[in-house]
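**Student:** kindly generate the corresponding structure for this input.
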Amino acid sequence: MRNPESVQIPQSPRWEPHLWPPFTQITSSSPPKRAISGKGALLALESHPPLIDAISSWWVTLHGHAHPYIAKEIANQAHTLEQVIFANFTHPQAELLATRLSEKTGLQRLFFSDDGSTAVEVALKIACQWWKNRNEPRHQLIAFEGAYHGDTFGAMALGERNLFNAPFEKMLFPVKRVPWPSTWWGDLDVEKKERLALEKLAEYLETPTAAVIMEPLIQGAGGMAMVREKFLQKVENLIREAKTLLIADEVLTGFGRTGNLFASKKAGISPDLMALSKGLTGGFLPMGVTMASEKIFKGFLGEDPKSTFWHGHSFTANPLGCAAANASLDLLDQEPQLFEEFESRHFPHLKSLSNHKRVKNPRLIGTIAAFNLDVDGVKGYLNNAGLIVKEEAMKKGVFLRPLGDVIYLLPPLCISDEQLEQCYSAITSGLNCL
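**Tutor:** Next up is the predicted model:
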């Protein structure tokens, strides 16, 4: 292994000298472009034509960039109350958000955190301590192969073991893993895959288990891997028979992304805990929440201090973030057809694209369309074919961020029909370069 001190950082005026970008090896990457503004589905760049943000800026910009209503509500709140310690105070925006999310998720209690990963951490800690408080501690956790739940330590442990968390392998707690029977258009083996997964889950559930965690209907970072609703219903049945807890990681899938406000609702399942973030604030501010059932909440009540959930964050229930989240919910309530009917907008384009020789395993749910590239070389995240498609799409005015050999579209709800057509045209151009 070479000496890290001998590695030279590329000298370029386009690399900002004091920033450390995420998920980027700068010695082999092109410098990032500079975004100067955004409006709707478009990003305005310095010294570059505008780009359609076809992945909603890492899946967060739900309604589009700089939505005037959300911006106005944040500004109003900033002139009223910008922050208060939530361990000693509450405030109207947090109370309103908790009431609304309880009604929409069917889970009665809301615990605030900072982002998707911390929302998962909170759910994990709640689940494990709930059993401890009942004097029947359980240590087994079950997740699904290919899962991604975040980059903090507990979330990393729950996720798929791969090159992203390999340096910390010996520090991560063990997790039982069940196959994720991902499916696509024309999949003839889905019944067999589901049966094998359910058999493995049933086997693991013979051991007392603290919780089973999953991304309902679609694994995002795991390659936009989709499963059927009835599979998740059978998963829940096994979990209920085993009398354990179900955690739904809806960080990606929440707030309309699967065609329903929440993927759990679309799938017909009722989790005990639910992690939410990304679209929560419409992409304006970082915030995470963990929803819990009243049954779970009551497990932390009592005179003994040990039963308390000793967890918190400095910016818990930040009023600005709550104002953004309430404003985003207002927009979703006003025009639910934008997410309920988005799948029908994708369908004809993806159907046509599925005939391309480089396209395999096309799949679609709600606002998310995806397929794998039929190319040679290493499969998965390290396949470079996606980068070729990405670069060609940029030339056509569309920003993509492929997951290795998986190409996907996850645009903001405000994208026009013309812009969506441009996205598919750009992808086709990229495919023709392979």
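**Student:** for the most centrally placed residue in the chain, which non-adjacent residue is closest in space?
**Tutor:** The residue lying closest to the centre of the chain (Cα atoms, centre = their mean) is Leu252, at 2.5 Å. Nearest residue to Leu252 in three dimensions, chain neighbours excluded: Gly220, at 4.0 Å (Cβ to Cβ, 6 or more residues apart in numbering). Yep, even glycine has a C-beta here, placed from its N, CA and C like the rest.
**Student:** wait, that neighbour touches Tyr148, no?
**Tutor:** Yes - under the criterion of Cβ atoms under 8 Å, Gly220 makes contact with Tyr148 at 6.7 Å.
**Student:** quick revisit: which residues touch the residue nearest to the centre of the chain?
**Tutor:** Counting by Cβ atoms under 8 Å, 6 or more residues apart in numbering, Leu252 makes contact with 59, 116, 215, 218, 220, 278.
**Student:** the third one: what's it in contact with?
**Tutor:** It refers to Glu215. With Cβ under 8 Å, 6+ apart, Glu215 has these contacts: 144, 147-149, 222, 248-253, 263.
**Student:** could you dump the contacts of Leu252 to a markdown table with pLDDT and secondary structure?
**Tutor:** Formatted as a markdown table, the contacts of Leu252 follow (pLDDT from 0 to 100; DSSP: H, G, I helix; E, B strand; the rest coil):
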| residue | pLDDT | secondary structure |
| --- | --- | --- |
| Trp59 | 98 | helix |
| Gly116 | 98 | helix |
| Glu215 | 98 | coil |
| Ile218 | 98 | strand |
| Gly220 | 97 | coil |
| Lys278 | 98 | helix |
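**Student:** of these, just the buried ones, PyMOL syntax please.
**Tutor:** Applying 16 or more other Cβ atoms under 10 Å to the contacts of Leu252, the buried members can be selected in PyMOL as follows:
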select buried, resi 59+116+215+218+220+278
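**Student:** of the contacts of Leu252, which pair is most distant in space?
**Tutor:** Largest separation among the contacts of Leu252 by Cβ to Cβ: Gly116 and Ile218, giving 14.5 Å.
**Student:** count the neighbours of the residue nearest to Ile368 when sequence neighbours are not counted for me.
**Tutor:** Residue nearest to Ile368 in three dimensions, not counting chain neighbours: Leu410, with 5.1 Å by Cβ to Cβ, 6+ apart. As a burial measure, Leu410 scores 22 neighbours (other Cβ atoms under 10 Å).
**Student:** now Phe371
**Tutor:** 26.
**Student:** so what's the closest residue to Glu241 other than its chain neighbours up against?
**Tutor:** Sequence neighbours aside, Leu205 is the residue nearest to Glu241 in space, at 7.7 Å (criterion: Cβ to Cβ, 6+ apart). The neighbourhood of Leu205, defined by Cβ under 8 Å, 6+ apart, consists of 142, 212, 238-239, 241-242, 244.
**Student:** Gly38: which of those residues is nearest?
**Tutor:** Distances from Gly38 to these, taken by Cβ to Cβ, are shortest for Val212, at 38.2 Å.
**Student:** show me which of the contacts of Leu205 are buried.
**Tutor:** The neighbour-count test (16+ other Cβ under 10 Å) marks 142, 212, 238-239, 242, 244 as buried among those.
**Student:** what score does the residue nearest to Glu241 have for pLDDT?
**Tutor:** We have a pLDDT of 98 for Leu205.
**Student:** again, but for Asp376
**Tutor:** pLDDT for Asp376: 88.
**Student:** how many other residues sit next to it?
**Tutor:** So Asp376, with other Cβ under 10 Å, has 9 neighbours.
**Student:** Ile427 now?
**Tutor:** 30.
**Student:** buried stuff in the helix or strand where it lies?
**Tutor:** Assessed by DSSP states H and E, Ile427 sits inside helix 417-431. Using 16+ other Cβ under 10 Å as the test for burial, helix 417-431 gives 419-420, 422-428, 430-431.
**Student:** what separates that helix from the chain centre, distance-wise?
**Tutor:** On the basis of Cα atoms, centre = their mean, to the nearest Å, helix 417-431 sits 24 Å off its chain's mean C-alpha point.
**Student:** just to revisit the earlier point, what is the nearest of the contacts of Leu205 to Asn135?
**Tutor:** Nearest to Asn135 among these, counting by Cβ to Cβ, is Thr244 at 16.3 Å.
**Student:** the closest one and Val212 touch, don't they?
**Tutor:** Yes - here Thr244 lies in contact with Val212, judged by Cβ under 8 Å, at a distance of 6.4 Å.
**Student:** break the protein into its domains for me.
**Tutor:** 69-334, 341-413+421-434 (automatic domain parsing).
**Student:** out of those domains, which is closest to Pro31?
**Tutor:** Taking those one by one with Cβ to Cβ, domain 341-413+421-434 is closest: 13.5 Å.
**Student:** helices of the stretch 151-300 of the chain, start to end?
**Tutor:** Secondary structure of the stretch 151-300 of the chain, counting by DSSP state H, counting those that start in this stretch: helices at 153-158, 190-204, 229-241, 263-267, 294-298.
**Student:** okay, the ones you listed in TSV with distance to Phe164 next?
**Tutor:** Below are these laid out as TSV (distance: least, Cβ to Cβ, whole Å):
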stretch	distance to Phe164
helix 153-158	8
helix 190-204	24
helix 229-241	26
helix 263-267	24
helix 294-298	30
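**Student:** of all those, which one is nearest Gly64?
**Tutor:** Among the helices of the stretch 151-300 of the chain, the nearest to Gly64 by Cβ to Cβ is helix 263-267 (21.7 Å).
**Student:** put the alpha carbons of that closest one into CSV.
**Tutor:** Output of helix 263-267 as CSV, limited to C-alpha atoms (Å, rounded to 0.1, in the frame of the first residue of the first chain):
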residue,chain,number,x,y,z
ALA,A,263,-44.8,3.1,1.3
SER,A,264,-46.1,1.2,4.4
LYS,A,265,-49.6,2.4,3.7
LYS,A,266,-49.3,1.4,0.0
ALA,A,267,-48.0,-2.0,1.0
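**Student:** and the contacts of it?
**Tutor:** Outside helix 263-267, the residues touching it (Cβ under 8 Å, 6+ apart) are 105, 215-218, 229, 232-233, 248, 250, 253-254, 257-260, 270-271, 274, 366.
**Student:** good, we can wrap up now.
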